[in-house]
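[1] The following comprises the amino acid sequence and a computationally predicted model.
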Amino acid sequence: MAVSQRKIDKWAKKKKIAKLHKALSDKDPQIRVAVVEAFGTIDHDDARNNIIAALRDPEPIVRAAAVTALAKIGNDRVLEFVRRVSVDDTDETVRAKATDAYATLKARIAELEKATYN
């Protein structure tokens, strides 16, 4: 069964994390990017964990999509993963995206903390 963007969108809408997880191992990096982006629409620890796993993907475009997705749904638990990518990734573009994602996450976390204590 071939994975398509349409299936990925459907699974994301229905929060079918197990199906998305399986598709994350597709041989096509564009499919893996789409899966990571789909996970980025699901605010759930399992989705975040799958995105964190994608930070080790051999393809830079997948890793870049992963840091961008974490900036959208991440929390203080993913901050160190993103920071590490911003320093250690072998691809300059991925490092730059991770640096941006780290700043976005820090600001988001500060806003959440401010809202919690006000």
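    Received it, and whenever you're ready, just let me know what you need. Numbers count the residues shown, from 1 in each chain.

[2] Now do the same contact list for the closest residue to residue 30 other than its chain neighbours.
    Once flanking residues are discounted, residue 30 sits nearest to residue 61: 7.9 Å by CB to CB, 6 or more residues apart in numbering. In short, each C-beta sits where N, CA and C put it, glycine included. Residues in contact with residue 61, defined by CB atoms under 8 Å, 6 or more residues apart in numbering, are 29-30, 33.

[3] do the same with residue 9
    Counting by CB under 8 Å, 6+ apart, the residues that residue 9 touches are residue 38.

[4] repeat for residue 51
    Contacts of residue 51 (CB under 8 Å, 6+ apart): 36, 39-40, 66, 69-70, 73, 78.

[5] quick one: which of those is nearest residue 115?
    residue 73 (16.9 Å; CB to CB).

[6] ok, which stretches of the chain are helices?
    5-13, 17-23, 29-39, 45-54, 60-73, 79-88, 92-117 (DSSP state H).

[7] can you list the ones you listed in a markdown table and add mean pLDDT?
    Below are the helices of the chain laid out as a markdown table (pLDDT from 0 to 100):
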| stretch | mean pLDDT |
| --- | --- |
| helix 5-13 | 96 |
| helix 17-23 | 97 |
| helix 29-39 | 98 |
| helix 45-54 | 96 |
| helix 60-73 | 96 |
| helix 79-88 | 96 |
| helix 92-117 | 92 |
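
[8] picking up where we left off before, so which of the contacts of residue 61 wins on neighbours?
    residue 33 (22 neighbours; other CB atoms under 10 Å).

[9] got the contact list for that residue?
    So, once contact is read as CB under 8 Å, 6+ apart, residue 33 ends up touching 61-62, 65.

[10] how much space between it and residue 106?
    Distance from residue 33 to residue 106, counting by CB to CB, to the nearest Å: 25 Å.

[11] just residue 38 next, same as before
    Residue 38 sits 25 Å away from residue 106, taking CB to CB as the criterion.

[12] Comparing those two, which shows the higher neighbour count?
    residue 38 (28 against 14).

[13] which ones are touching that one?
    8-9, 11-12, 20.

[14] can you tell me which two in those residues are farthest apart?
    9 and 20 (10.6 Å).

[15] Thank you kindly, that will do.
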